[in-house]
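>>> Kindly generate the corresponding structure for this input.
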Amino acid sequence: MASRTSRYYKKNEAARKRRLKQQSRYQKTKKGSAIKKAANKLRRKLKLKVGDKRDAAHYKGSKTKGRPQSRSKNRARLKIKKRKKK
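Numbering: from 1, shown residues only. Just a heads-up that it's a prediction; the model follows:
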C-alpha cells in the first residue's frame, strides 16, 4: 500500500513538480551529493545490484558500514509510529 505522502503527490501534479524540482536542487548541494555518494558506495561494497529486493541498511551512526536488509524492514523502521487513540 502506498504511503499517505505518496498518494498526495500522485493526486497533486503541481505539488509533485515543486517537490521534484526541490529534490533536484538538493541532490546538487554538497550535503545531498555526499549522502548519495555514501549510499552508492555502500551498495557497491555489499554487491547489491539495481532492482535487488534488498536495501543497503546502514549500521547506527555509520555511513560506510552496513548490511543487506529486505526493503520492507529497512524502510519501515524509519517511519514515525502513529499514537493510538485512547
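
>>> When you work out contacts or count neighbours from here on, use the C-alpha atoms and nothing else.
Will do.

>>> Touching, K63 and K36? I think so.
No. Look at K63 against K36 with C-alpha atoms under 8 Å: they stay out of range, at 10.6 Å.

>>> separation between H58 and L48?
Separation of H58 from L48 (C-alpha to C-alpha, to the nearest Å): 13 Å.

>>> give me the element the most centrally placed residue in the chain is part of.
The centroid of the chain falls nearest to R75 when counting by C-alpha atoms, centre = their mean (7.4 Å). Per DSSP states H and E: R75 is located in helix 71-76.

>>> for that helix, which positions count as buried?
Using 16 or more other C-alpha atoms under 10 Å as the test for burial, helix 71-76 gives N74.

>>> Also stretch 40-53?
Applying 16+ other C-alpha under 10 Å to stretch 40-53 flags K41, L42, R43, L46, L48 as buried.

>>> Can you tell me which of the residues you listed is nearest S24?
The closest of the buried residues of stretch 40-53 to S24 turns out to be K41 (C-alpha to C-alpha; 20.2 Å).

>>> Now do the same for that closest one: its pLDDT.
pLDDT, K41: 92.

>>> Many thanks, have a good one.
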